[in-house]
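> Next come a sequence and a model predicted from it.
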Amino acid sequence: MDLGPSAIQKFWGFNFIRVGLGIRLVVAEDYEELSRMASQYLADFIRRPRVVLGLATGATPIGTYRELVRMYREGLDFGGVVTFNLDEFALPPDHPASCRRFMEEHLFRWVNIKRENIHFLDGMAEDPRGECERYEEEIRREGGIDLQLLGIGRDGHIALNGPGTPFDSRTRPVSLPDRMRSELARSLGSPDEVPHWGLTVGIATIMEAKEILLLASGEEKAEAVAKALEGPVTPELPASVLQLHPRCTFIVDRACASGFR
Ligand code: F6R
C-alpha cells in the first residue's frame, strides 16, 4: 500500500488514507494518539442530541474510554447516548470477567449515561436464541446503530465472529475456540477467566451500522489489519467484510501499520 503524501488527505484534522470506496485508514503515532483520535471521533457523535453507539470491550478501547471519561469531566454530555455492546460471555453481569462489568469499570460508572439506555446481551439467558432475537429487535426499535466501535483479533475476528463465520450471520450464541479465548483474556488476565460460550452480534448486524470505527494497536495486529484492508473479502478473515461497508474508518498506530509498509 502507498502511504506516501499523495495518498494522505486531511480528515477532521487527522491524516488519513482512502483505502477502498468506503474505507479510510488513519495512522496514529502511538496508542496514546490513537486513543485521543478515537475519543474525539466518538465525542462528535456523543454531542448529538441522540445517538446509538455500538461498543466493544477488550484491551484496545481502554485508552479511548479513559479519554471519554476525561472529556466528560470537561463537560461532554452523555445524556443522549444509547449503547449496545457487541458481545457477552456466558457469565452473570456482575462477574469480574463479564463485558458488562468491563464497561462499567472503564466507562459507564464514570459518565452521565442513563442506565436505561445501556443495552447488553444476557449471557446467562435461559433461552439464548430468544435473547439474541430480542437484542436485534431492540437495536431496530432504537433506530439502528449510528456508530459501531470495533476491535480486531489477530485472526481477524470481529465481536465474537471468528474465521469461517458467514457474512449473513445475525446475533447468536457461539462457542469460543481456545485461541480466541486466550486473546479475549488480554484485558482480563488468565484465559481461564473466559468461558467457552458467549453471545455475539452477527456480521450482518455489524454491517447494518451506519458507520464503523475499528481500532487496532501494535505489531501483533499488523497482519490481520493488512489482510482486512487489502486482502480478499472472505469469511476466513471476518474483518475483511468491512471493505464492503460504505462508511468505515480504521485507526491504527504506527506499529500496527507496519504490516503494509
Ligand atoms: C470485544 C470484541 C473482540 C475484541 C478483539 C480484540 O467486544 O468484540 O472482538 O475487539 O478480541 O481484543 P483486544 O482489543 O483485547 O485486542
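Sure thing, it's come through.

> Can you name the residues of the stretch 1-150 of the chain sitting close to the ligand?
Contact residues (C-beta under 6 Å from any ligand atom) of the stretch 1-150 of the chain with the ligand: 56-60, 86-87. (Each C-beta comes from the backbone N, C-alpha and C, glycine too.)

> Can I get those residues in JSON lines including secondary structure, pLDDT and neighbour count?
Output for those, formatted as JSON lines (DSSP: H, G, I helix; E, B strand; the rest coil; pLDDT from 0 to 100; neighbours: other C-beta atoms under 10 Å):
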{"residue": "Ala56", "secondary structure": "coil", "pLDDT": "98", "neighbour count": "24"}
{"residue": "Thr57", "secondary structure": "coil", "pLDDT": "96", "neighbour count": "25"}
{"residue": "Gly58", "secondary structure": "coil", "pLDDT": "93", "neighbour count": "20"}
{"residue": "Ala59", "secondary structure": "coil", "pLDDT": "94", "neighbour count": "16"}
{"residue": "Thr60", "secondary structure": "coil", "pLDDT": "97", "neighbour count": "26"}
{"residue": "Leu86", "secondary structure": "coil", "pLDDT": "98", "neighbour count": "26"}
{"residue": "Asp87", "secondary structure": "strand", "pLDDT": "97", "neighbour count": "23"}
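
> if I look at the residue of the stretch 101-250 of the chain found nearest the ligand, how far off is Arg186?
In the stretch 101-250 of the chain, no residue comes nearer to the ligand than Gly151, which is 2.4 Å away by C-beta to the nearest ligand atom. The gap separating Gly151 from Arg186 is 10 Å, by C-beta to C-beta, to the nearest Å.

> again with Glu105
15 Å.

> Go ahead and confirm Met207 touches Ser240.
No: counting by C-beta atoms under 8 Å, Met207 does not reach Ser240; the two are 11.9 Å apart.

> Name all residues that make contact with Ile113.
Shown in contact with Ile113 (C-beta atoms under 8 Å, 6 or more residues apart in numbering): 78-79, 81, 83, 107.

> In ChimeraX, how would I select just the buried ones from those?
Remark: buried members of the contacts of Ile113, expressed as a ChimeraX selection using 16 or more other C-beta atoms under 10 Å:
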select :78,81,83,107
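
> Widest-spaced pair of the contacts of Ile113?
Gly79 and Leu107 (14.7 Å; C-beta to C-beta).

> And the spatially closest residue to Pro128 that is not a sequence neighbour, how close does it get to Lys227?
Spatial nearest neighbour of Pro128, chain neighbours left out: Pro173 (4.2 Å); criterion: C-beta to C-beta, 6 or more residues apart in numbering. Per C-beta to C-beta, Pro173 is found 27 Å from Lys227.

> cool, and Leu53?
27 Å.

> So for the two, which residue has more residues nearby?
Leu53 (22 against 19; other C-beta atoms under 10 Å).

> who in the stretch 151-261 of the chain is up against the ligand?
151-153, 157-159, 183-184, 186-187.

> Buried among those? Need that as a selection in PyMOL.
Entered in PyMOL, the line below selects the buried ones among those, by 16+ other C-beta under 10 Å:
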select buried, resi 151+152+153+157+158+159+183+184+187
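
> from the residues of the stretch 151-261 of the chain next to the ligand, which ones fall inside helices?
If you go by DSSP state H, those have 183-184 in helices.

> Could you list the low-pLDDT ranges of this structure?
Along the chain, the model assigns pLDDT under 70 to residues 1-21, 189, 260-261.

> do you know how far the residue most central in space within it is from Pro93?
Centroid check for the chain by C-alpha atoms, centre = their mean gives Leu150 as the closest residue, at 1.7 Å. Applying C-beta to C-beta, the value for Leu150 to Pro93 is 22 Å.
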